[in-house]
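Q: Sequence plus predicted model, see below.
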Amino acid sequence: MTAAPTSSTDAAFLADFHHVASIGATDNNGVDRQALTPEDKATRDWMRDWAARNGFDLRIDAIGNMFACLQLVPESSDTTGTPTAPYVLIGSHLDSQPLGGRFDGAYGVIAALFAALRVKESLAESGQVPEFNLAVVNWFNEEGGRFAPSIMGSSVYAGLFDLEEMLAVEDLEGTSVAEALKTIGYAGTDTPPEAISYAEIHIEQGRILEREATDIGVVEASWYTQKLDIDVLGEQSHTGATAMADRHDALVAASKVVLAVAEVVNDFEDEALVSSVGQHVVEPNSPIVVPRRVHMVADLRSSDPAIVTAARDRLRSQIAEIARDHDITIDVADFDLRDKRHFPETGVELAEKSAANEGLSIRRLETMAGHDSVAMNHRVPAVMMFVPSVDGVSHCEREFTTDEDMVRGLRVLTNVATELVGGELGEDRNGEVWVGRSVAEVLVGSPAIAEGATVSASNARVDP
C-alpha cells in the first residue's frame with residue numbers, strides 16, 4: 001500500500017526536518033552522517049521514499065547525486081518521451097561532518113523538497129505551464145569529512161572534477177568512493193537532469209545575520225580558497241632509547257607547522273584571512289615510538305585572492321625553515337584551489353525581491369565557506385541564500401537555527417524556485433555553460449599557484 005502524499009504545510013516541513021535530524025543523531029543534539037555510511041544511506045532512503053510518495057521521479061547518477069525530478073513541461077519532449085526542457089535544480093546535501101550539526105545541508109535539501117511540492121501545487125491550481133522543469137538534488141559528499149576533497153558530487157556534475165578520479169578516492173581505511181557507493185546501494189547509472197539554473201538555501205554558519213537582526217542573507221560572492229597538503233617525514237625510533245639529539249620527530253615539527261598556519265593570519269588585517277589545520281594523521285601513532293610521519297591539510301581563505309597567495313608564500317618559507325631546523329623533509333603541495341566567484345547580479349536581485357515580497361529584511365554578503373552553489377555557479381547561474389545561525393556556530397553539535405527562521409527561508413526559496421521555473425535567469429548563460437564574472441578576473445588578475453611544490457631539509461627552498 002502506497003503511503004499518502006506529504007502535506008506542504010510549514011508544520012509538515014518542520015516535522016520532516018526534525019525526523020531526518022534523528023537519523024544519525026548524537027547525544028548532544030548533533031548528527032554524524034558522513035558520506036556513504038549507514039546513516040547517510042538511511043537519509044538517502046528517506047528522500048527516495050519521500051520522492052516516490054509525492055510523485056517525483058528519482059534519478060541517481062554515477063557519483064551518487066540524487067535528483068528528485070518533476071516534469072513540469074510535459075509537451076516539451078523528444079520522440080522517446082524524454083523531456084527536452086532543462087531543469088531548475090534546487091537543493092543541498094544530506095551528509096554531515098563527524099559529530100556535526102543537524103542543520104548544515106539537510107535543511108537545504110528538505111526545504112527544497114517542500115518548495116518543489118509547493119511549486120507543483122501552485123502550478124496545478126493556476127493551470128500555468130512554466131518554461132522549465134524542476135528537480136531537487138542531494139549532492140554527494142559536500143562535506144568531504146570521509147572522502148576528500150569536499151563539494152565532490154556537485155563539482156563532478158559541474159565538470160570541475162573528473163568522475164573516475166573521484167570514484168577512486170579512498171577514505172582513511174582504504175575504501176574507495178566506488179566501493180562505498182556499491183555497499184549502500186547508491187552506485188547510480190542514471191543520466192542526471194540538465195540544469196538551466198540552481199538555487200540553494202543554507203544556514204549562514206556565521207554571525208552576521210544574527211548580529212544585525214536580519215532575516216535573509218543573499219550571497220553575492222564566494223571567498224578565494226586553497227588548501228595545502230603537507231607531509232612531514234621524520235624517522236621512527238624508540239621513545240625511551242633514542243637520545244633527544246638523535247631524533248627526527250615528525251610530530252614536533254608538524255606542531256610548529258600547525259602554529260605557523262594559525263599565526264599567519266596575524267600578518268594581515270583583522271578578519272581578512274582565516275586559516276586552519278583540520279585534519280592530521282600520525283604514523284605509527286604508538287605511545288613508545290617517535291613519530292615518523294605526520295600528514296595534514298591546511299586551509300587558507302580570504303575575500304582577496306592576493307592575501308591567500310601572500311599567506312601561502314609566507315607559510316612555505318616558514319615550513320622550509322622548520323624542515324631545516326629539524327633535519328627532516330616536509331613536502332607541500334597545493335590543491336583544492338577555488339577562485340573567488342561572483343554570483344550573477346540578476347540572481348542576487350531575484351533573491352532580494354523574493355525575500356522583500358515576504359516582508360523580510362535582507363542584506364548582501366559573501367560566503368567564506370564552500371557550498372555546492374559555488375561549484376554550480378561555474379556551470380549555470382546560481383542563487384545562494386542564508387538564514388541566521390545562532391551564535392554563528394556550525395560543524396559542531398551546538399549548531400542551531402530556529403524553526404521560524406527555517407520557515408522564512410522555505411518561503412523565500414519557494415518564491416525563487418517559482419520565478420526560476422517561469423524563466424528567470426534562463427538567458428543568463430554563455431552558450432551551454434554559464435561563465436561568471438570572476439572567470440575573466442581569475443584569468444587576467446590572479447597570481448598563478450604552482451602545483452606539487454616540495455620543501456625539504458636538504459634543499460631548504462620553496463619551488464616556484
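A: Nice, thanks for sending it over.
Q: What segments of the protein are helices?
A: Listed in chain order, the helices of the chain (DSSP state H) span 10-20, 38-53, 106-126, 152-157, 163-167, 177-184, 208-211, 250-263, 305-326, 345-356, 372-376, 403-421, 437-445.
Q: Flag every buried residue along the first one.
A: The one in question is helix 10-20. Going by neighbour count (16 or more other Cβ atoms under 10 Å), the buried part of helix 10-20 is 10, 13-14, 16-17, 20. Glycine gets a C-beta too; all of them are placed from N, C-alpha and C.
Q: before we move on, back to that, which stretch among the helices of the chain comes nearest A298?
A: Closest of the helices of the chain to A298 is helix 250-263, at 4.7 Å (criterion: Cβ to Cβ).
Q: Please name every helix or strand in contact with that closest one.
A: In terms of contacts (3 or more Cβ pairs under 8 Å, 6 or more residues apart in numbering; DSSP states H and E), helix 250-263 is packed against strand 224-233, strand 273-283, strand 293-302, helix 305-326.
Q: pull the CA atoms of the last one into CSV?
A: Right, the one you point to is helix 305-326. The C-alpha trace of helix 305-326 is given here as CSV (Å, rounded to 0.1, in the frame of the first residue of the first chain):
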residue,chain,number,x,y,z
PRO,A,305,43.0,36.2,-3.6
ALA,A,306,46.2,38.2,-3.2
ILE,A,307,46.0,37.7,0.6
VAL,A,308,45.7,33.9,0.2
THR,A,309,48.7,33.9,-2.1
ALA,A,310,50.8,36.0,0.2
ALA,A,311,49.9,33.8,3.2
ARG,A,312,50.7,30.7,1.3
ASP,A,313,54.1,32.0,0.3
ARG,A,314,54.9,33.1,3.8
LEU,A,315,53.9,29.7,5.1
ARG,A,316,56.0,27.8,2.6
SER,A,317,59.1,29.9,3.7
GLN,A,318,58.4,29.1,7.3
ILE,A,319,57.9,25.4,6.6
ALA,A,320,61.2,25.4,4.8
GLU,A,321,62.9,26.8,7.9
ILE,A,322,61.1,24.2,10.1
ALA,A,323,62.3,21.4,7.9
ARG,A,324,65.9,22.7,8.0
ASP,A,325,65.9,23.2,11.8
HIS,A,326,64.6,19.7,12.4
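Q: Tell me how far that helix lies from the chain's centre.
A: Offset of helix 305-326 from its chain centre (Cα atoms, centre = their mean, to the nearest Å): 27 Å.
Q: Please apply the same query to stretch 20-33.
A: Centroid separation between stretch 20-33 and its chain, computed with Cα atoms, centre = their mean, is 19 Å.
Q: for it, how far is the first residue from the last?
A: Stretch 20-33 has an end-to-end distance of 11 Å (Cα to Cα, to the nearest Å).
Q: Buried residues of that stretch, list them for me.
A: For stretch 20-33, by 16+ other Cβ under 10 Å, it's 20-21, 23-25, 30-33.
Q: and if you look at stretch 94-112?
A: 94-97, 99-112.
Q: pretty sure L233 is in contact with V332, am I right?
A: No. Using Cβ atoms under 8 Å, L233 is not in contact with V332; the gap is 11.6 Å.
Q: Look at the nearest residue in space to A199 that is not next to it in sequence and say how many residues are nearby.
A: Leaving aside its sequence neighbours, A199 sits nearest to V383 (Cβ to Cβ, 6 or more residues apart in numbering; 4.2 Å). Using other Cβ atoms under 10 Å, V383 has 32 other residues around it.
Q: Contact partners for V383?
A: 197-200, 343, 347-348, 350-351, 373, 416, 420, 425 (Cβ atoms under 8 Å, 6 or more residues apart in numbering).
Q: Likewise for S276?
A: The contact partners of S276, by Cβ under 8 Å, 6+ apart, come to 261-262, 298-299.
Q: Equivalent analysis for L70, please.
A: By Cβ under 8 Å, 6+ apart, the neighbours of L70 are 55-57, 116, 119-120, 133-135.
Q: which non-adjacent residue is nearest it?
A: Nearest non-adjacent residue to L70 (Cβ to Cβ, 6+ apart): L134, at 4.6 Å.
Q: ok, now how distant is that neighbour from R338?
A: Applying Cβ to Cβ, to the nearest Å, the value for L134 to R338 is 28 Å.
Q: between the two, which one's more packed in?
A: More crowded of L134 and R338, by other Cβ under 10 Å: L134, with 27 against 20.
Q: List the residues that contact the more buried one.
A: 69-70, 72, 87-88, 90, 116, 119-120, 417, 421.
Q: Let me have these in CSV, adding pLDDT and distance to L209 as columns.
A: What follows is those, written out as CSV (pLDDT from 0 to 100; distance: Cβ to Cβ, whole Å):
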residue, pLDDT, distance to L209
C69, 97, 32
L70, 97, 30
L72, 95, 32
Y87, 95, 30
V88, 96, 25
I90, 98, 21
A116, 98, 25
V119, 98, 25
K120, 97, 30
A417, 98, 21
V421, 97, 27
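Q: Next, count neighbours for P74.
A: 11.
Q: How about the one 10 residues further on?
A: In terms of burial, T84 registers 10 neighbours under the definition other Cβ under 10 Å.
Q: Likewise for the one 3 residues further on?
A: Number of residues near Y87 (other Cβ under 10 Å) recorded here: 28.
Q: need the contact list for the closest residue to it other than its chain neighbours.
A: Once flanking residues are discounted, Y87 sits nearest to P193: 4.0 Å by Cβ to Cβ, 6+ apart. Shown in contact with P193 (Cβ under 8 Å, 6+ apart): 59, 67, 69, 86-87, 89, 133, 135.
Q: Cool, thanks, talk later.
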